[in-house]
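A.B. asks: Sequence and predicted structure, then a few things I'm wondering about:
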Amino acid sequence: MSKEKNMQLQTSIPEKAPHVTIISLSGRLDIHYSLEIEEEINKLIEQGRINLIINLQNVEYLSSSGLRIFIATARQLKAKNGKVKLVKMPESVKKVFMVVELLDMFEIYDTDEEAISTF
Amino acid sequence: MEKTFIFDMQSNTSQLKDLSDFVQDRVSPYVLNKSMMDDIIISIDEVATNIILHAYEKTAGNPMKLVIKLTDEKAEFTFHHKGKTFNPERIGKPNLTKEMDAREINGMGLYIIKQFMDEVEYKFKDSTKDENTIRLVKKLKK
């Protein structure tokens, strides 16, 4: 999916960990894109993909609208005994998580492989 | 010497990127570092989003304007809009101590703006003027 190519979501399933889904986001996570992103993630969860890794390496920008995605996703997955973990959080994104004291509520890793190994 | 830039836009979320790009382009020569620029970009986006969602109640195509005034000491950003007046002081600080299940999803934008900017001032429509303004200031020197 994309809207004018300013936010993209790509998914992949690691061959050695088929129970995990890696979601790679790139671009802006603002109000314009966040609803669609949330809907795409919700579809994955409805399909039974409850072990999620969100790779943020290429996220240029995160607003409070984008934060909603992570909170809503974490809550949904908790109810289904799943979990979402974050990878390669840029400093600008980390700053927003820190300000609203959400950073400690997520497991954050430097690589997809590290995160995969924890599921 | 003060420099002034103006960005006219409409209440369309599709224009938020253009707004950010404009601010980035005009302000970046004045800021100390990327972190400061990030503070500004996020705050600008939050204010613009609030105007679109709340002042104009998600109705697209309404006028908004950002006036940027830059000196070596500070960057001042003033949004002008004619939408519904909302007083952010009536929205309390989000409770950041709650566990994930109990955390409010809404209301963090205003809190973020206050953390990232040095001054935030709201002025409302009255009998003498028919627009609201939201002014943000970021000091550029410590």
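C.D. replies: Structure received. Computed from a prediction, not measured in an experiment: that's the story for all the values here.
A.B. asks: Buried residues, stretch B:69-77. List them.
C.D. replies: By 16 or more other CB atoms under 10 Å in any protein chain shown, the buried positions in stretch B:69-77 come out as B:L70, B:K74, B:A75, B:E76, B:F77. C-beta coordinates here come from the backbone N, C-alpha and C atoms, glycine included.
A.B. asks: Could you check the pLDDT of residue 114?
C.D. replies: Here I'm looking at chain A. Here, the pLDDT recorded for A:E114 equals 97.
A.B. asks: Can you look at chain B instead?
C.D. replies: 93.
A.B. asks: next one: B:F22
C.D. replies: 98.
A.B. asks: How far does stretch B:76-89 sit from its chain's centre?
C.D. replies: Mean-position distance between stretch B:76-89 and its chain equals 9 Å (CA atoms, centre = their mean, to the nearest Å).
A.B. asks: And it, what's buried?
C.D. replies: B:E76, B:F77, B:T78, B:F79, B:H80, B:H81, B:K82, B:G83, B:F86, B:P88.
A.B. asks: one step back: looking at the buried residues of stretch B:69-77, which one is closest to chain A?
C.D. replies: Comparing those against chain A with CB to the nearest CB picks out B:F77 as the nearest, at 15.7 Å.
A.B. asks: tell me the SS of the nearest residue to the closest one once chain neighbours are set aside?
C.D. replies: With sequence-adjacent residues excluded and distances taken as CB to CB, 6 or more residues apart in numbering or on different chains, B:F77 is closest to B:L136, at 4.6 Å. The local conformation at B:L136, judged by DSSP: H, G, I helix; E, B strand; the rest coil, is strand.
A.B. asks: neighbouring strands for the longest strand anywhere in chain A, and are they parallel or not?
C.D. replies: Longest strand in chain A, counting residues (DSSP state E): strand A:51-62. Paired with strand A:51-62 in the same sheet, following DSSP bridges, are strand A:21-29 (parallel), strand A:83-87 (parallel).
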